[in-house]
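Trainee: Sequence and predicted model, in that order:
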Amino acid sequence: QIESLDKNLEDLLTRVDEFVGMLDIIRSDSSQVVNESIPEIYTKATEMRQIYRKIDKLEAFVKMIGNSVAELEERVIKAETDLGAFPSTFKKILHTISIPSFLNKSSSSRRQQQTLYEPPVLFKTEDYFPCLNEAPY
């Protein structure tokens, strides 16, 4: 029985040594996390905040471009409806056919009613991306 008890005690001591070793590993890993990993995570989080700000600015820029394109598209549609959007071949055919005088009067009066073309105010990419003004490498 003493031998059996001695063997069980040796086995328990071995397991306690393994447990203490595991605790040491956990402590060293915890100190590594606290001393090394957390500062690295904080640094990366700070860098990510800057990237998020850039993404927000880029989203605002894309939205502004989308609004500008939508406005230009509306102006093109309006111009097409005001002036007519005949293909050039139809225009050539219509010009070769003699048009009665009453049609000429109505088209000339319609041209007088049209307002002068006002070019839209467009953005400049250089205002938003000043690095484009620099010479390429």
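Mentor: Now that the structure is in, tell me what you want to look at.
Trainee: how much space between Val121 and Ser68?
Mentor: Separation of Val121 from Ser68 (CB to CB, to the nearest Å): 9 Å. From N, CA and C alone the C-beta is placed, and that goes for glycine too.
Trainee: Which of the two has more residues huddled nearby?
Mentor: Ser68 (14 against 7; other CB atoms under 10 Å).
Trainee: and the strand or helix carrying the more buried one, average pLDDT?
Mentor: Assessed by DSSP states H and E, Ser68 sits inside helix 38-83. The pLDDT scores in helix 38-83 average 90.
Trainee: roughly how far is it from the heart of the chain?
Mentor: 6 Å (CA atoms, centre = their mean, to the nearest Å).
Trainee: That helix - contacts with which helices or strands?
Mentor: Helix 38-83 sits against no helix or strand, with contacts defined as 3 or more CB pairs under 8 Å, 6 or more residues apart in numbering; DSSP states H and E.
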